[in-house]
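*Asks:* Here is a sequence with its predicted model. Questions after.
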Amino acid sequence: MTHKEFRTLIPAEEARRIINSIHVMLSTISLPVEGALGYRIAEDIISDINVPSFDRSIMDGYAVHAEDTYQACETEPLGLHVIGSISAGCSESYVLKKGESVAIATGAPIPDGADAVVMVEDTKEVDDTILVYRPVHTGENIMSRGSDILRGEQILRKNTKIGSREIGVLSATGKREIDVNTIKIGIISTGNELVTPGKSLGFGMIYDTNSYALSASIKECGATPVIYGIVTDDENAMIDAINKAVNECDMVLTSGSTSAGAGDIMYKIIDEKGKTLFHGINIKPGKPVVAGLINDVPTIGLPGNPTSALTIFNEFVAPLVRNRLDTSCNSGYRTTVSAVIGSGIKSPGRHQYLPVGLVRGKVYPADKGSGAITTLADADGFIEISAETEFLAPGTPVEVTLFGNMDEPDLMFTGGYCPGTVLLEKFTGFNFRVLNTGSTGGFSSISTGVSDIAGVNMPDDSGNYNIPVIEKMKLSDVVLIKGYIREQGLIVRQDSDISGTDDILDKRFINRNRGSGTRSLLDLNLKRFADEKGMLFNDLKKSITGYNSGAKSHHAVCNAVGEGFADVGFGIRAIAEQFGLKFIKTSDEEFDFLIRRDIIDIPEVRTLLSCLSSKQFADNLPPGISIYERTGEIINF
């Protein structure tokens, strides 16, 4: 019986440095949504459906023509004939005529002809008639088709860590399986004395503990264990098992056969089949550790003693796995964090659990309202507000209960959506929290301190961008960074006969929402068109079917045109071409960035401004977006 001496024992810190320098490949595996918790998404997730897939009521009440209720008031209620009722999930259809209504439940589909819902609290039913005591406006208490998530919209980004909120969003869009990134780690337990738990235990035998303890530890770190079972102390059997594991996994862990005893041959196999990085750490417990590479796959031999094996895994291997996957082990995971209110929050006067986002220690509301599953994607946790609290002032300390996982954003973006900001996030390497509120919402979020940066594209009647709004709102301590030029115009299907503004008057139009810079630019163009035709602007608006619609994004406009719900819309070239639609340019606009002055010198903002003026950014902008001579210009207020 011969013995091999350990190579020179290395200090623990040297072993940690060597292991942390090992490059570990990632595998992509498909998992059912409910089994994907803790993993990171392997690719951008695009919704295949609209959410909701139909116009739905968000209140119990009555579906009506809004125009029928305009004369209703408390003292003189207005009567409407009730022709039926619709519950959630109901497939029965109604066509609503003037003067009619349909009783409707929360979540039920809006009948044809209806364009608003009167809350049941504002009505009184008498036989087959309801008395309406309060008027409603078009769209009130209705969640429109696709208003939460649009078909073709990116709902989650590649490398997003999957938590309960992401699983909710995936489920809402009908995803059954999801591709995730992981590290597949093979586990091989060696030793003639080992027996699989559940089998009879003979004299001198012990149950295999390491396969199962290491498997659990690997799962805690967000990786995927692959158990290869027990291998006897036979060199050929060990070689066969290691060959199989190396070919199928991104990392291999063995336990046992690593010391200097005659039967311990793992160091020999690694030496012969690959490259040994070290053999032996000056540590107790856990000295007999061998680490190497076989076919560039990290192969680490852990001690056979379960306590030693888990000690070495937790202290040396687990940090490598977590860092590669950018995850945290569940043990000791902090579920609450301290923060301060970033902007004032009003409370409705009842006990509330308010979804919030968290950016650099500041909290902001993330609740999108009833029925919006995307609240989950934009919220990091919630704060508890007592019924006695009416207002939380900026700077108020709060405890945030996390939803289980979060990647804290580096910068908070609001305002208008633009593919350019997506590129800025990609090239800076930062994690942006993006809330597409439209330009008006962007200006407001900067003024209240909620946002770090707002993308704004708001013209005044003279065609000057953003500066007049800043001056009108009397914003101070802000900086406007000139961004880039975007092409705006009419968006139609490829087979459309529309070629300009003259052709839209008898077509179905899909407009952007009030407060967006794109809608303001359209109004500016229409005013000029009306002047050329000798028309009043208000008369021109009335002649355009759908002018009063209000899609919340460029994607929503393109979706409506592409699916035939509208003949023509107005938006940017980049998104129109993304949807395969025809774009008819009418004007250029300026898309700028409004930033709070107190953060202009933080590293994240400085990096972003450098990226904005870089050749890499300019060369990768999509069609219809381009930098110009003022890009990067700084204007102080």
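*Replies:* Received, thanks.
*Asks:* How about residue 390: what's its closest non-neighbour residue?
*Replies:* residue 347 (5.7 Å; Cβ to Cβ, 6 or more residues apart in numbering). Where you see a C-beta, it was placed from the backbone N, CA and C, and this is true even at glycine.
*Asks:* pretty sure the one you found is in contact with residue 393, am I right?
*Replies:* No: if you go by Cβ atoms under 8 Å, residue 347 and residue 393 don't touch, sitting 11.8 Å apart.
*Asks:* Can you pull up the most central residue in the protein?
*Replies:* Centroid-nearest residue in the chain: residue 156, 4.2 Å away (criterion: Cα atoms, centre = their mean).
*Asks:* how about the nearest residue to that one, chain neighbours excluded?
*Replies:* Closest to residue 156 by Cβ to Cβ, 6+ apart is residue 45, at 4.2 Å.
*Asks:* Show the backbone phi and psi for that neighbour.
*Replies:* phi -100, psi 120 (degrees, to the nearest 10).
*Asks:* begin at 193 from here
*Replies:* Shifting the count to begin at 193 puts that one at residue 237.
*Asks:* hang on, the earlier thing: who's more crowded, residue 539 and residue 585?
*Replies:* residue 539 (16 against 10; other Cβ atoms under 10 Å).
*Asks:* Can you name the residues that contact that one?
*Replies:* 546, 577, 581-584 (Cβ atoms under 8 Å, 6 or more residues apart in numbering).
*Asks:* Could you report the separation of it from residue 588?
*Replies:* 12 Å (Cβ to Cβ, to the nearest Å).
*Asks:* repeat for residue 210
*Replies:* Taking Cβ to Cβ, one finds residue 210 at 48 Å from residue 588.
*Asks:* repeat for residue 499
*Replies:* 47 Å.
*Asks:* Neighbour count for the two, which is higher?
*Replies:* Legend: neighbour count by other Cβ under 10 Å for residue 499 and residue 588, higher for residue 588 (16 against 12).
*Asks:* Would you mind confirming that the more buried one is in contact with residue 533?
*Replies:* Yes: proximity of residue 588 to residue 533 meets the contact threshold set by Cβ under 8 Å, at 4.4 Å.
*Asks:* wait, what's in contact with residue 639?
*Replies:* 665, 667.
*Asks:* My read is that the residue nearest to residue 348 contacts residue 367, right?
*Replies:* Yes: between residue 237 and residue 367 there is a contact at 7.2 Å, judged by Cβ under 8 Å.
*Asks:* show me the contacts for residue 748.
*Replies:* 338-339, 342, 702.
*Asks:* average model confidence for the helix or strand harbouring it?
*Replies:* According to DSSP states H and E, residue 748 maps onto helix 746-754. When pLDDT is averaged over helix 746-754, the result is 91.
*Asks:* Next SSE downstream of that helix?
*Replies:* strand 760-764.
*Asks:* before we move on, back to that, how close does the residue nearest to the centre of the chain get to residue 219?
*Replies:* 20 Å.
*Asks:* Next: residue 308.
*Replies:* Applying Cβ to Cβ to residue 308 and residue 219 gives a distance of 52 Å.
*Asks:* following the helix or strand of the chain with the lowest mean pLDDT, which helix or strand comes up?
*Replies:* Lowest mean confidence among the helices and strands of the chain (mean pLDDT, DSSP states H and E): helix 566-570, at a mean of 61. On the C-terminal side of helix 566-570, the nearest following helix or strand under DSSP H and E is strand 573-577.
*Asks:* could you dump that next one to CSV, C-alpha only?
*Replies:* Provided in CSV are the C-alpha atoms of strand 573-577 (Å, rounded to 0.1, in the frame of the first residue of the first chain):
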residue,chain,number,x,y,z
GLY,A,573,-41.7,45.4,-2.2
PHE,A,574,-44.3,47.1,-0.1
ILE,A,575,-44.6,49.5,2.8
GLU,A,576,-47.4,49.2,5.4
ILE,A,577,-49.4,52.4,6.0
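*Asks:* so where is the chain shaky, pLDDT-wise?
*Replies:* 193-199, 450-456, 477-478, 519-527, 542, 559-570, 595-599 (pLDDT under 70).
*Asks:* what sits against the nearest residue to residue 672 once chain neighbours are set aside?
*Replies:* Residue nearest to residue 672 in three dimensions, not counting chain neighbours: residue 827, with 4.4 Å by Cβ to Cβ, 6+ apart. With contacts defined as Cβ under 8 Å, 6+ apart, residue 827 is in contact with 659, 671-674.
*Asks:* Kindly report the same for residue 739.
*Replies:* Residue 739 neighbours (Cβ under 8 Å, 6+ apart): 701, 703, 733.
*Asks:* which one's the longest helix in the chain?
*Replies:* Ranked by residue count, the top helix of the chain under DSSP state H comes out as helix 709-725.
*Asks:* Kindly format the C-alpha coordinates of it as PDB.
*Replies:* Output of helix 709-725 as PDB, limited to C-alpha atoms (Å, rounded to 0.1, in the frame of the first residue of the first chain):
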ATOM      1  CA  GLY A 709     -44.800  64.700 -26.300                       C
ATOM      2  CA  THR A 710     -45.900  62.700 -29.400                       C
ATOM      3  CA  ARG A 711     -49.500  63.800 -29.000                       C
ATOM      4  CA  SER A 712     -48.400  67.400 -28.600                       C
ATOM      5  CA  LEU A 713     -46.300  67.200 -31.700                       C
ATOM      6  CA  LEU A 714     -49.300  65.800 -33.600                       C
ATOM      7  CA  ASP A 715     -51.500  68.700 -32.400                       C
ATOM      8  CA  LEU A 716     -48.800  71.100 -33.600                       C
ATOM      9  CA  ASN A 717     -48.800  69.400 -37.100                       C
ATOM     10  CA  LEU A 718     -52.600  69.400 -37.200                       C
ATOM     11  CA  LYS A 719     -52.800  73.100 -36.300                       C
ATOM     12  CA  ARG A 720     -50.500  73.900 -39.200                       C
ATOM     13  CA  PHE A 721     -52.500  71.600 -41.500                       C
ATOM     14  CA  ALA A 722     -55.800  73.300 -40.400                       C
ATOM     15  CA  ASP A 723     -54.300  76.800 -41.100                       C
ATOM     16  CA  GLU A 724     -53.200  75.600 -44.600                       C
ATOM     17  CA  LYS A 725     -56.800  74.400 -45.300                       C
END
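*Asks:* That helix packs against which elements?
*Replies:* helix 630-639, helix 729-735, strand 760-764, strand 774-788 (3 or more Cβ pairs under 8 Å, 6 or more residues apart in numbering; DSSP states H and E).
*Asks:* Of those, flag the one that's most buried.
*Replies:* strand 760-764 (a mean of 28; mean count of other Cβ atoms under 10 Å).
*Asks:* contacting residues around it?
*Replies:* Counting by Cβ under 8 Å, 6+ apart, residues outside strand 760-764 touching it are 610, 678-684, 688, 690, 695-696, 699-704, 710-711, 714, 743, 746, 749-750, 752-753, 816-817.
*Asks:* on that earlier part again, next, the angle from the longest helix of the chain to helix 630-639.
*Replies:* Per axes from the mean of the first three to the mean of the last three Cα atoms, to 10 degrees, the angle that helix 709-725 makes with helix 630-639 is 130 degrees.
*Asks:* Any buried residues in helix 709-725, and which?
*Replies:* Under the neighbour-count criterion of 16 or more other Cβ atoms under 10 Å, helix 709-725 has 709-719, 721-722 buried.
*Asks:* got a markdown table for those residues, with distance to residue 411 too?
*Replies:* Below are these laid out as a markdown table (distance: Cβ to Cβ, whole Å):
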| residue | distance to residue 411 |
| --- | --- |
| 709 | 48 |
| 710 | 47 |
| 711 | 50 |
| 712 | 52 |
| 713 | 52 |
| 714 | 53 |
| 715 | 56 |
| 716 | 57 |
| 717 | 57 |
| 718 | 59 |
| 719 | 62 |
| 721 | 63 |
| 722 | 65 |
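*Asks:* In which helix or strand does the closest residue in space to residue 637 that isn't next to it in sequence reside?
*Replies:* Among residues not flanking residue 637 along the chain, residue 643 sits closest, at 3.8 Å (Cβ to Cβ, 6+ apart). Using DSSP H and E, residue 643 sits within no helix or strand.
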